[in-house]
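Visitor: What shape does this take:
(2 chains)
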Amino acid sequence: MTQSVVVQVGQCGNQIGCCFWDLALREHAAVNQKGIYDEALSSFFRNVDTRVVGDGGSISKGKICTLKARAVLIDMEEGVVNEILQGPLRDVFDSKQLITDISGSGNNWAVGHKVFGSLYQEKILEKLRKSAEHCDCLQCFFIIHSMGGGTGSGLGTFLLKMLEDEFPEVYRFVTSVYPSGEDDVITSPYNSILAMKELNEHADCVLPIDNQSLFDIISKIDLMVNSGKLGTTIKPKSLITSSAGAVKKRHQKPFDAMNNIVANLLLNLTSSARFEGSLNMDLNEISMNLVPFPQLHYLVSSLTPLYTLADVNIPTRRLDQMFSDAFSKDHQLIRADPKHSLYLACALMVRGNVQVSDLRRNIERLKPSLQFVSWNQEGWKTSLCSVPPVGHSHSLLALANNTCVKPTFMELRERFMRLYKKKAHLHHYLQIEGMEESCFMEALSSLSGLIEEYNQLDATKSMPVEDFPRLSVAM
Amino acid sequence: MSVVTVQLGQCGNQIGFEVFDALYTDSHCPQGLCSKRENEAYQASCKERFFSEEENGVPSARAILVDMEPKVTNQTLSKAAQSGRWKYGQHSCFCQKQGSGNNWAYGYSVHGPRHEESIMNLIQKEVEKCDSLSGFFIIMSMAGGTGSGLGAFVTQNLQDQYSNSLKMNHIIWPYETGEVIVQNYNSILTLSHLYRSSDALLVHENDAVHKICAKLMNIKQISFSDINQVLAHQLGSVFQPTYSVEGSCHYRRNPLGDLMENLVPHPEFKMLGIRNIPQMSENSLAYSTFTWAGLLKHLRQMLISNSKMEEGIDWQVRPPLSRLPTLGKASLNRELQFNTSIANLVILRGKDVHSADLGGFKDPALYTSWLKPINAFNVWKTQRAFSKYEKSAALVSNSQFLLKPLDTIVGKAWNMFASKAYIHQYTKFGLEEEDFLDSFTLLEQVVASYCNL
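Guide: Sure thing, here's the model as predicted:
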């Protein structure tokens, strides 16, 4: 089995990362009853004997001693990382896997990318190499960051090029939080577009998320919980937003619930690789099936169900509802409407007590209402994992390579243009060594190129599907 | 003579387990409907073919398990061991840490050469345990990366290293509405390579077996386990021992050789399909009785109308009156109703088997003009019943049954190839566009050949 390393960069990245590790421990605790360090655990955790001086002797089998996350934590301010190190998860993190600074990036991509990039390059490389050495077979780097700020955006994307050069065979999956419409960071469009160029060129797969969508999902859940409908008591642990049973007993701060959703996304993404099932799906299969052309690697995700009701019997109807919800625009983790756009490819990753006939029935049912590109009319990738998430009997993660991401990018470009035309705040960037106006132009053109590719695909939407003439063979 | 099975990838290993389980369970089934001595001879023959004797008495399957990641093989090994009745050899498993990522090129060009020596060594060890080798049975899917790519590589190696032994590949045809998005690419690459290096391709379609589970077995929530069990039942009905000459008491010695001799008269036509009736849930079985006449009538119509199961047979389809061959693809676009056969083998097991009349299968109208029915059709009759069915009839046929599915897959793969989608994922690992074109050309040839029967 393979291992993955999580690299969390910046405030957002580290907060989400923290939730992820919390929930990962909870999930494995629920599955791993005997306390034996098994292959599933080893995908994200090392087993360490902390009495051994130095590196902390790694133990590959046997009882669990101390679990250490395969993570590298990077932040150019100390606040968030310090909070993590003082909290109940402090033992999960290896103190040698942290890189911090004090001054922060000032919401400036150039500071994060150019200044801190060159300053910390060697150190970051060293930490990454160390974490790779601890892996038997490293398959994937998960990078978690936000696009709108300075550290996550700038330093986070600087990392990508480094990872590509240093570990060319290891996949780079990036979870990026895009700025919402009412984002309070004025320069977020600059930061986002400069970061997008790096994502276009150096990421294998990007899972875009935006805060507004997460917030809307939370509101939906709150409405359900507080509606007081008769007979609707929700199982506490099943809330996708809940950290009930997790290590950290936090007061639910507003971002906690949202971060939990993203943490669940990552857990479900990797579940079929970690746990057994009748139709496994490894991480390398995600990129193989969902990325038809190298540039088009942005995947819109949706998680269902958001909660499980307390009654024990789950009629087929409810199972089918889970599939329907996965395609509704209210369940997407980014503002997007896949149903009314064009699908290039779609993956359904199912967990729990669901069998192949349920899967097939629902694909048949939903197919007519979805539009697939002409050369991929049956573009479905499916997986069945036997182990459900904590508190649920089954769950579904849908990943869509769909032109519905286009509006997000176009809006970003528009906000960028509004600022750039007036040269607003540009001097903060240009005064950094290595930054010129051409950097902005190149980033803009990279984004425009991407949007154009989506436009061309959308243009084929209403065209009739024609078969290409086949090779004719002489008999 | 013995058969060495190679189980490849998740699909191959999951199916392989069910096959050995079905073979073992049937051979130890007390309701053989024959004498005790007969039953013992059957058991011994089955054992010789598929199991080897180990010191502690638990038979060990003549198989090697290959996968590029460990989860499935671990599960398969422990399921067998837990059953307590049979098991896999202790050192029969080869696995790696990272899978093939549904990438045929990765399975064929990376995993293949890298692990060639280890895998061939394992096979060699298993072959050495056999007194005499009938050949290899390779179980794989076409849609994924390991079964398909590594399977093609291993088959090629077997052809080089064991050129005197037969190779039959058991291929799983994926669901038409995808399990894997690049399944059509993986399929055409697999089929084209296997066509060059394998002796026969025994095909099971997921869609067909799924329908059997739904309609005949009445299973509500169908799992892959259910599908694999139906599949294993069908394979068992073909591979379990059969008499060599009508009326004699000796079981056939060479399972693969006998099958190929009867069914693959020409190397251009290698695709074989199985139909097995009756097939139903145990509950229904208790209330059903069958006659050979009835079973054979259904089986014949299933063959002619290209039906994969007993229900929904189109009784309107009849053999054509004139046997003029139709040229070109035009005939494909017309509803290809009548399924022309090249060769058929009917295997009957159970009560009163000698009274069964197979005249219907000897009709020359069923066959292509260049083979006489006496050469194209064979029947094996065995008194010993199979797996609780008082009477069971299996048909292995080399016919046009796979023509439409093959044409569909080639068409879809071609459309995708014309748009260049996903090609970069394959060229990354050493495959060129030329290789794709070669595969398309070969398969278009196969389609045309079957079409013109």
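Visitor: residue in chain A nearest to chain B?
Guide: Closest residue of chain A to chain B, C-beta to the nearest C-beta: A:Asn284 (3.2 Å). Where you see a C-beta, it was placed from the backbone N, CA and C, and this is true even at glycine.
Visitor: Tell me the gap between the helix or strand that contains that residue and the middle of its chain.
Guide: For A:Asn284, the element it lies in under DSSP states H and E is helix A:283-290. Offset of helix A:283-290 from its chain centre (C-alpha atoms, centre = their mean, to the nearest Å): 14 Å.
Visitor: Please apply the same query to stretch B:441-453.
Guide: On C-alpha atoms, centre = their mean, the centre of stretch B:441-453 falls 21 Å from the chain's centre.
Visitor: One more: stretch B:224-231?
Guide: Using C-alpha atoms, centre = their mean, the offset of stretch B:224-231 from its chain centre is 13 Å.
Visitor: Flag every buried residue along that stretch.
Guide: B:Phe224, B:Asp226, B:Ile227, B:Asn228, B:Gln229, B:Val230, B:Leu231 (16 or more other C-beta atoms under 10 Å in any protein chain shown).
Visitor: what residues are up against the first one?
Guide: Pointing back at B:Phe224 there. Taking C-beta atoms under 8 Å, 6 or more residues apart in numbering or on different chains, we find B:Phe224 in contact with A:Ser278, A:Leu279, A:Gln355, A:Val356, A:Leu384, B:Gln14.
Visitor: Chain neighbours aside, what residue packs nearest to the last one?
Guide: The shortest distance from B:Gln14 to any non-neighbouring residue, by C-beta to C-beta, 6 or more residues apart in numbering or on different chains, is to B:Asn228 (5.7 Å).
Visitor: returning to what we had before: pick out the most distant pair among the buried residues of stretch B:224-231.
Guide: B:Phe224 and B:Val230 (10.9 Å; C-beta to C-beta).
Visitor: By mean pLDDT, flag the weakest helix or strand of chain A.
Guide: Averaged element by element with mean pLDDT, DSSP states H and E, chain A has its least confident helix or strand at strand A:57-58 (a mean of 65).
Visitor: oh sorry, the question was meant for chain B
Guide: helix B:330-333 (a mean of 48).
Visitor: can you give me phi and psi for A:Val72?
Guide: phi -120, psi 120 (degrees, to the nearest 10).
Visitor: Same check on A:His392?
Guide: Backbone geometry at A:His392, expressed as degrees, to the nearest 10, gives phi -120, psi 160.
Visitor: looking at it, it is touching A:Leu303, isn't it?
Guide: No. With contact defined as C-beta atoms under 8 Å, A:His392 does not reach A:Leu303; the gap is 10.6 Å.
Visitor: Compare those two and say which is more crowded by neighbours.
Guide: Remark: of A:His392 and A:Leu303, A:Leu303 carries more neighbours, 23 against 20, as counted by other C-beta atoms under 10 Å in any protein chain shown.
Visitor: check contacts around that one.
Guide: A:Leu303 neighbours (C-beta under 8 Å, 6+ apart): A:Ile240, A:Ile261, A:Asn264, A:Leu265, A:Asn268, A:His331, A:Leu333, A:Ser395, A:Leu396, A:Leu397.
Visitor: what helix or strand is it on?
Guide: Going by DSSP H and E, A:Leu303 is part of strand A:300-304.
Visitor: Give me the distance from stretch B:375-388 to the chain's centre.
Guide: Stretch B:375-388 has its C-alpha centroid displaced from the chain centroid by 17 Å (C-alpha atoms, centre = their mean).
Visitor: So for that stretch, what gets flagged as buried?
Guide: Applying 16+ other C-beta under 10 Å to stretch B:375-388 flags B:Ala376, B:Phe377, B:Asn378, B:Val379, B:Trp380, B:Lys381, B:Thr382, B:Gln383, B:Arg384, B:Ala385, B:Phe386, B:Ser387 as buried.
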